[in-house]
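Enquirer: need a 3D model of the sequence below.
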Amino acid sequence: MAYPNATSDDDGPAGERHALTEELRDVVQWHAVWAVAVLLACAGLAVALEGAPRSAELALLVGAAPGVAGLLLRRADETRWRAVLLAVWAGCGAGACMLAGGVSGPLAVWCLAPVAAAAAFAGTGLLAESAALALIAAGANALVGLTGLLPGRPPAPADSWLAFVGLVTTGLGLASGLALSRRRAARLGAQRRAAEGDLEQLLEGQASLVLSLDGSGQVLAAFGRAPEGLGPGPLVGRSLLGLAEEGALPELRAAVAAAAAGASVETGFAPRLAPDRTCALALARAGSGRLVATLRDASAEASRIAELEAAREAAESLNAGKSRFIANMSHELRTPLNAIMGFSDVMKSRLFGDLQPRYVEYAEMIHDAGRHLLDLINDVLDISKIEAERYELRKEPFDAREAVSGALRLTRLQADSAGVALRGLLPPAPLEVEADPRAIKQIVLNLISNALKFTPRGGAVTVSLGGQGQDIEIVVSDTGVGIAAADLERIGRPYEQAGDADQKTLGTGLGLSLVRAFSELHGGGMTIESRLGEGTSVTVRMPVLRAAPPGPHGANVIPFNPAAERR
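Expert: Numbering: from 1, shown residues only. Alright, predicted model coming up:
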């Protein structure tokens, strides 16, 4: 039997402790009281009236059975169980009536037991079904009585006792069932009023004005904040047409007529008392010939939109100025930096004579620092061009293996000095692409440099190149420190770095952002997989292949051999 708002045994960890709602407890208690009362009556009959026939005791036991069934079925979740239980009430009531002598016996009133049970179910809409079951039970008793198979009425003391039990239980069952119905109706009414109060409070607190109108535009109810210029006093009882200035009345009348005909209309008008402002109106037809309208201050919205637009333009102007400043500064810095690197290169090469070893060491340090600074300036310049949407790819056909091999050669010394094994896995056949060679090489350089920075001595960095369909795939994996899950969402954006303070000093946060930007400019993307303490794998896929690769992706690869490349 399903009761309103009953909680299933499977809901939550307290499955064994079945949570009963107040309605469910009422109905369960009603069944329990019925079963206990009838069983006590049966015990009293057996003790007080020793000569009572067994059929009378059996009739009372059958009459108690629906109450016990209601207790046993209290956890069912399906609505059909209510109907099943009503059928049990009808069957047991008819059976008890037959055992006590039929429709002329003392328990004939129990044919009405389904009606009492339906009243206890309170608001389930089963009263009509229960009345039909009661008629069926009475008819079945009458038909069986015509066959002469029913036992006779019990002797006088037992007969009177059964009649008393039948009348009292049925009468009290009906009365308590009706009381439960009224109690539930009151509870539902309170809930409905509380819900209506919450809804009204919500409507009153909103920024727009919601109106309920009749077919002619008369305001029946108003909720929310009224726009300026509608005039003082309540809006209820006033006409929507009376809120607008004269020039807007024809269009407003047409909008009301169209909404009354079933159309959804949106229009605007100037309020009568504030002709410099604009109200936006939306009209639609509701039930019972009424109209519903929402009214908001469009002037305020337009002002806010204008402010947001001005703020956006100012932000874009500041961003463009920042990009121009970075580009100009990068250009101005590279000019003296090239001179510094050139003169330091001359000094360490001893072009104009021998130098002391300490000076040669200083010249090499100046040259290395200049190279590092130049790389940083180039990265900043590239990222500023990309942010300003001024970076132009120079696509041309070439073998992607050349760009990857070149990056491996440039980073070989860095890997050797860091004590990290650098391996390359390249396809044996050419991998023709239509892309920007500098960008592809920069992608691989940035990924390898980043991997070498965060891979401890004795670790390994592997670079693989392959193709599938129209995509090339560049994968750089390492056995380094890895990236925490919380940092994975941030890295790849300009100037964002992962790790602790010591790790952040190893870079500027531009490498991965440039990789992502270059891959997206080629119509591809970058994905990162990492586990803290185990390493990182960065995959770049770009649809730049000119023709399908010669074999399946990942097959027929060979290790990169820098010595062979030099030969």
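
Enquirer: switch to C-alpha atoms for all contacts and neighbour counts from now on
Expert: Will do.

Enquirer: quick check: end-to-end length of stretch 116-130?
Expert: This stretch, stretch 116-130, spans 8 Å end to end (C-alpha to C-alpha, to the nearest Å).

Enquirer: go on, stretch 137-157?
Expert: Terminal residues of stretch 137-157 are spaced 26 Å apart (C-alpha to C-alpha).

Enquirer: next, the buried residues of it.
Expert: 137, 138, 140, 141, 145, 150, 152, 153, 154 (16 or more other C-alpha atoms under 10 Å).

Enquirer: so of those, which ones are in helices?
Expert: Counted as lying in helices by DSSP state H, out of the buried residues of stretch 137-157, are 137, 138, 140, 141, 145.

Enquirer: among those, which two are most distant?
Expert: The span of these, defined through C-alpha to C-alpha, is set by 137 and 145 at 12.2 Å.

Enquirer: and the strands in this protein?
Expert: All strands of the chain, identified by DSSP state E, fall at 209-213, 219-224, 265-269, 279-285, 291-297, 396-399, 421-426, 432-435, 460-468, 471-478, 525-531, 535-542, 558-559.

Enquirer: nearest to residue 256, of these?
Expert: With C-alpha to C-alpha, the closest approach to residue 256 among those belongs to strand 279-285: 7.3 Å.

Enquirer: ok, the closest one: who's next to it in the sheet?
Expert: strand 265-269 (antiparallel), strand 291-297 (antiparallel) (DSSP bridges).

Enquirer: winner for burial among those?
Expert: Comparing the strands paired with strand 279-285 by mean neighbour count (mean count of other C-alpha atoms under 10 Å), strand 291-297 comes out on top with a mean of 22.

Enquirer: how about residues contacting that strand?
Expert: Here strand 291-297 makes contact (C-alpha atoms under 8 Å, 6 or more residues apart in numbering) with 207-215, 217, 226-228, 259-260, 277-286.

Enquirer: and which of the buried residues of stretch 137-157 is nearest to residue 462?
Expert: residue 137 (85.6 Å).

Enquirer: is it true that the closest one touches residue 89?
Expert: No - using C-alpha atoms under 8 Å as the test, residue 137 is too far from residue 89 to be in contact (9.7 Å).

Enquirer: kindly state the domain boundaries assigned to this protein.
Expert: Using automatic domain parsing, the domain parsing of the chain gives 22-200, 209-300, 304-387, 396-566.

Enquirer: same list (those domains) but as TSV, adding mean pLDDT.
Expert: As requested, the domains of the chain are exported to TSV (pLDDT from 0 to 100):
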stretch	mean pLDDT
domain 22-200	78
domain 209-300	84
domain 304-387	77
domain 396-566	80
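
Enquirer: any idea how far stretch 463-473 is from the chain center?
Expert: Relative to its chain's centre, stretch 463-473 lies at 36 Å (C-alpha atoms, centre = their mean, to the nearest Å).

Enquirer: only the buried residues of it, if you could.
Expert: 463, 464, 465, 466, 467, 468, 471, 472, 473.

Enquirer: closest one of those residues to residue 42?
Expert: Ranked by distance to residue 42 (C-alpha to C-alpha), the buried residues of stretch 463-473 are led by residue 468 at 85.3 Å.

Enquirer: so what pairs up with the closest one in the strands?
Expert: Residues in beta-bridge contact with residue 468 (DSSP bridges): residue 471.

Enquirer: what's the spacing between it and residue 433?
Expert: 12 Å.
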